[in-house]
Structure formats: C-alpha cells, structure tokens
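Enquirer: output the structure for:
(6 chains)
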Protein chains: 4
Amino acid sequence: MINRVVLVGRLTKDPELRYTPNGVPVATFTLAVNRPFSNQQGEREADFILCVVWRKQAENVANFLKKGSLAGVDGRIQTRSYDNQEGRRVYVTEVVAESVQFLEPRGASNRQNPPSAGYPDFDARPFGSDNQNQNQGPSRNEDSIFNSGQPIDISDDDLPF
Amino acid sequence: MINRVVLVGRLTKDPELRYTPNGVPVATFTLAVNRPFSNQQGEREADFILCVVWRKQAENVANFLKKGSLAGVDGRIQTRSYDNQEGRRVYVTEVVAESVQFLEPRGASNRQNPPSAGYPDFDARPFGSDNQNQNQGPSRNEDSIFNSGQPIDISDDDLPF
Amino acid sequence: MINRVVLVGRLTKDPELRYTPNGVPVATFTLAVNRPFSNQQGEREADFILCVVWRKQAENVANFLKKGSLAGVDGRIQTRSYDNQEGRRVYVTEVVAESVQFLEPRGASNRQNPPSAGYPDFDARPFGSDNQNQNQGPSRNEDSIFNSGQPIDISDDDLPF
Amino acid sequence: MINRVVLVGRLTKDPELRYTPNGVPVATFTLAVNRPFSNQQGEREADFILCVVWRKQAENVANFLKKGSLAGVDGRIQTRSYDNQEGRRVYVTEVVAESVQFLEPRGASNRQNPPSAGYPDFDARPFGSDNQNQNQGPSRNEDSIFNSGQPIDISDDDLPF
DNA sequence: TTTT
DNA sequence: TTTT
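Expert: Take a look at the predicted model:
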C-alpha cells in the first residue's frame, strides 16, 4: 500500500497553529498549486490542497511561512470524516506532510520586510532537516483526533480544526 | 508548481464508467490504501481516495478492475467544487490518474473466475503502456466538466458523478 | 530539498542480504521497471534500478521476495562513489527504500511452490506496515559505510556490496 | 510498472544544451539535493543527481537556470549503458525530467544581476506550463540515442553527452 | 567532477 | 473561502 504525495505551491493564507489536548502542535495551511494547462476559457486554474503538519515542523511552518510563501510538501493523502454542527457527515481529504520545505529566501514573499541578501542562516534549511525529527511522522497520539470517530472530551476550542 | 501522487491500494467497489456529453469516457473508483501504522485502539485504518481516469484508460479500468482489485495510480491531486441539490457548495478533492496499473494476475481478486496460471498476455501490461496513449493526459475538453463552474446543458444522468 | 522516488517493478534476481560490521542487515536488489512506451525498434525496454533497504525490512525482503517478484518501493535517490580494485572512482546511483511492499499473493511468482489460496496472513501485509518499524529510515550507523569515504577495517566478505 | 521521481535541489553547474542529429534539443544538469540528516561526522551530505530534459523545456532550462539555481524536477529514473573509449561498459542512472520548475525569483541565484522586485512575468511560471508542451514527454526519436545500443552515424561532437 |  |  503506497501513498505518496509531493507538492510545490503557495500558501493561500497564513498557516494556522493549534495544539492537541496533550499539547502537540499541529499546523494547517492550504497550498495553491497552479495547473500546468489552461481550461476551455484559456484560464490557468489552481488546485487548493489542505495540508496538515505536526510537532516541530508545525511550529516551523507557523514561524516561517505565511500567505503567498512558496513551499514544498512531501507526505501522504489522508481521508477522514466528522459530523458537523448540523449533524451532517463531512468528508475531508488532506495531505499529511512528513516534511515541509521553505522555498524562498527570507522576506521574499513579504512586502513589509524587504528581502535581505540571499538565504538566512537559519530558516533556509528545509524544515525536515533536523536530526532529532528525522522520519518520525505522526505518533499514535497526535493522529488520534483525526483518525477516530470516538468522542473526545474536550471543548471545541482545543480542537485543531 | 509540482503536484504528484502515487498510490497503491484496492478498489472499494467496481469502478463506474460514464461518458461526457461529447462521448469521452471517464471512470471513477475509490482506492482503499491501508495506513502503515495503527491507531490508538490498535486498529489498522485506511484512507479512501477518490480517483478519476479519462479516455482509453477509463475503459481499461472498467474492463479489468473490480471491487477488491489491487491497482497502482500515478497522477495529481485535483480540487473542485459544485453546488448540490440543496444549494450547498460541496468541495471535492480527488486524484486524477495519468496512468493506472493493474497489479494482479487475472482473476486474482475474483472468487467466481478461478485464477488461471500466471499473468495473461493481455491485461498484465500496465494500462498506461500503449503508445498512442502515452503521456496525453486530460485534454481541455475532457476536463471541462470538472474545471468550469459554467452551466452545461445536460441531464443529470449524463454527468460522470 | 525534496528527493522522493516511487517504483513498482520486478526483481531481476533474488535479493542479497548482508550485514554491516555492527550487525545491521542490508538487502540489495534490482527492480526491472518496464517503460510505458516502445523504442524505435518497437520494443519495450525496461529500467534496471538498484535498490537498498535496511534493518527489519531488509530481512523481510530477503525472506519474501525473489527473482521475478512484483514489488513496490518508496524511497529516495542516493549517490555515492568508491574506488574499485583498479583504483578507479566508481559512481553509483541507487534508491534507498524507506518502505518495500510485496505485491503478490504468496507463491505467485514461484513455479516450485504452487500458489495457495489468496494472500497469506503473514507476508501479504506491506513490509512497511509493522508499527515498530514505522518511519525509522536508515540511522546514522547503518548508512555510514555508504556515505563515508573513510576506511573501515573489515574484510570484503563483511561488506554489503 | 510505476517509475516516478520528484526532486528539488540546486544545479551544481550551468546546464549543458546539445542537439540530437535530428535537431532535437536536450539539456543535462546535475541537481545537488541535500540530505535531511547528518552523517557520522556530523556533516550534511548531498546527492548529486544527473537530470536530462528534452525539447522546449531543454531550451528553457538552458536559458533560465544556471549554477546554483533552485529547481524542481518531476520525472522518471532511466538506466542505460554504453561502451566508453577504453571499451568498458559504463552504466548510467539518471532522471528524465518530464517537467522542470524554476523555483527562484529572477536573479535570485545571481550575484551579477541583483534581484529585481519579485517574480518576473515571463520565467516565473513553471517550464512545464505552456499548453503546447503539456504532457508530451520524450518522443521515440528523441529518446533513441539513449535507449538503443545501435550504432548511430554521427561524430562525437553531435552527441548530447 | 559538485549546489546554498 | 483561495496563492504569484
């Protein structure tokens, strides 16, 4: 069973950082990935792909990416469902990022902070690059609030979505 | 802008084959891809990923794959939306397959047709293998009913979904 | 920096299992992946791709795959070089598998052991599927004999290649 | 048979543009892709991956990428062999790019041409983006000089490698 | 033979 | 509900 996704695109908005009840950071963002062809009206469209990332990388994403940032994602497709406030079952398809790469020199996508010269020492390295974090993926706890249909006794405000 | 997906999983049901108003075949199916880890309850879950494939490959899928078949998909993630009968906007994330590979010897997933010896001459080759079809991808026409929000004057029965 | 490879093909020979000086299992095998198009002579060619896999999965590969087995690989491209017996520098490009999936029912590629009914309980699950093994990838030790140009004081027989 | 590669890395040198005897452009370049982990000496290493691209995209690569440019590649692994001047068989593993994406604002990797503001109108779009070029991949002619072991009556200078 |  |  192979499930592999690689994306490069731009954030449609600033990422959102939340924490699970046990304090695990989760960031979500949507990547706009332009299609390599035009539609019948001759317009270039994009796909808007919801991405989720956990732990240290979630905090990196929140700190270094923002609306318009160019980013790369290596991960897998996840599907889940939940019942919304009206009692309807909602189905979600999203990409769980195992690594996220920041593809711009610092400030490049920021009108307020004009570009400094070249890549900075710190955030230019891919987020997936620190040794401790290598290949760890979502642990059972982190993923649980998405995977299960089980009731979890927390207030809405604690939920990452 | 990179958008690449590779999946290997099993069809949850027989594929559905439809035709666009201009007669282009489209097949849809859902792949169940087991996750490589267990949840907190110790159960193995799966992701259920909607896939779409066009033209000759759509017909191959309809002819050679069925519920339970093991298949590989190489494609890209597509997002689109439409308004349902209640006037609600529905968002869809699916995989548009550029090639689909049949990963089982003939009859392997079929209790009714007992396995013959080994792979048959015909359908053992990957669907993406015939020269004419090579790399052609969805043409503008084929894709149009998904891409556009434009009204199309056909009855519901003609729609591939 | 993204480096992602997904392959599905057949082993050209039985895999080779070796152990590093510190006892870490490494398996190597070559996957033949048929091209989806024909050459000018109208023949279908294949790419022959060297794959390397570590630890528990190396042992699984050695136990369950053999010449002709259909397998899937999810990993990354690695390049390395070494000096051969004649003092020439040899460059190697190979795929380091993070997970390997066995894509055939037991016995399917084996003329000697006739197929039993369907997938067996044990080896039908993808190799990357056991929880302990999840996402562990090559540790620094395992990878060292490939990455370094450093002399290692072991006899040829201990080397994985 | 699935064979899919996605890479993001930097060119180690300016790309080389050649033409086949029938005038088809081919560009080659090497991508340095940094590994997401350190070796036993605590150093970050890189993989150096030979890439080949054909036709219009070859010319785009030659025009817009240079030593140090950050680029994305979506393609497949190809293996081939040839006999060198000493009569030795040489095996080559390379990535045939189906699309190449330029991942930097104009001038970003160039000390001589200081960065202009943001992405330019022209080369900021992915190379794989023009409609004519969509999904065309290597045609049988283009690929032939790599695939065949057949003698080709051209001088060495005409060969793309 | 390698890039930031 | 979308990015350059």
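
Enquirer: next, count neighbours for A:R18.
Expert: 16 (other C-beta atoms under 10 Å in any protein chain shown). From N, CA and C alone the C-beta is placed, and that goes for glycine too.

Enquirer: and it, which of the three is it?
Expert: strand (DSSP: H, G, I helix; E, B strand; the rest coil).

Enquirer: is A:S99 in contact with A:Q57, as I believe?
Expert: Yes: contact criterion C-beta atoms under 8 Å: A:S99 and A:Q57 qualify, at 6.9 Å.

Enquirer: doesn't A:A62 belong to a strand?
Expert: No: the assignment for A:A62, made by three-state DSSP, is helix rather than a strand.

Enquirer: how near is the residue nearest to it when sequence neighbours are not counted to D:R88?
Expert: In this structure, A:A62 finds its nearest non-sequential neighbour in A:L17, 3.9 Å apart by C-beta to C-beta, 6 or more residues apart in numbering or on different chains. Distance, A:L17 to D:R88, by C-beta to C-beta, to the nearest Å: 56 Å.

Enquirer: same check on A:N22?
Expert: 60 Å.

Enquirer: close to DNA strand E, is the helix or strand encompassing A:I77?
Expert: Per DSSP states H and E: A:I77 is located in strand A:70-83. No: if you take C-beta under 7 Å from any atom of the strand as the test, strand A:70-83 misses DNA strand E, and the best it gets is 14.5 Å.

Enquirer: anything in that strand near chain C?
Expert: Yes: in terms of C-beta under 8 Å from any C-beta of the partner chain, part of strand A:70-83 sits within range of chain C, namely A:G72, A:D74.

Enquirer: what does stretch A:23-34 give?
Expert: No: against chain C, stretch A:23-34 shows no contacts by C-beta under 8 Å from any C-beta, the least distance being 13.6 Å.

Enquirer: buried residues, that stretch. List them.
Expert: Applying a neighbour-count criterion of 16 or more other C-beta atoms under 10 Å in any protein chain shown, one finds A:V24, A:P25, A:V26, A:A27, A:T28, A:F29, A:T30, A:L31, A:A32, A:V33, A:N34 buried in stretch A:23-34.

Enquirer: of the residues you listed, which belong to strands?
Expert: A:P25, A:V26, A:A27, A:T28, A:F29, A:T30, A:L31, A:A32, A:V33, A:N34 (DSSP state E).

Enquirer: so the fourth one bridges to which residues?
Expert: Read that as A:T28. Here A:T28 sits in beta bridges with A:E16, A:V52, going by DSSP bridges.

Enquirer: show me what contacts it?
Expert: A:P15, A:E16, A:R18, A:L50, A:C51, A:V52, A:V53, A:E94, A:P160, A:F161 (C-beta atoms under 8 Å, 6 or more residues apart in numbering or on different chains).

Enquirer: enumerate every residue touching A:E59.
Expert: A:E59 touches A:L17, A:P25, A:A27, counting by C-beta under 8 Å, 6+ apart.

Enquirer: how far away is it from DNA strand E?
Expert: 22 Å (C-beta to the nearest atom of the strand, to the nearest Å).

Enquirer: pLDDT on the helix or strand that residue falls within, on average?
Expert: Following DSSP H and E, one finds A:E59 within helix A:55-64. For helix A:55-64, mean pLDDT rounds to 97.

Enquirer: again, but for stretch A:30-46
Expert: Rounded mean pLDDT across stretch A:30-46 is 95.

Enquirer: buried residues, it. List them.
Expert: A:T30, A:L31, A:A32, A:V33, A:N34, A:R35, A:P36, A:F37, A:S38, A:N39, A:E45, A:A46.

Enquirer: any idea how far apart the tips of it sit?
Expert: Stretch A:30-46 has an end-to-end distance of 12 Å (C-alpha to C-alpha, to the nearest Å).

Enquirer: likewise for stretch A:17-33?
Expert: 22 Å.

Enquirer: sorry, back to before: and chain B, which of the buried residues of stretch A:30-46 reach it?
Expert: Among the buried residues of stretch A:30-46, chain B is touched by A:V33, A:N34, A:R35, A:P36, A:F37, A:S38, A:N39, A:E45 when using C-beta under 8 Å from any C-beta.
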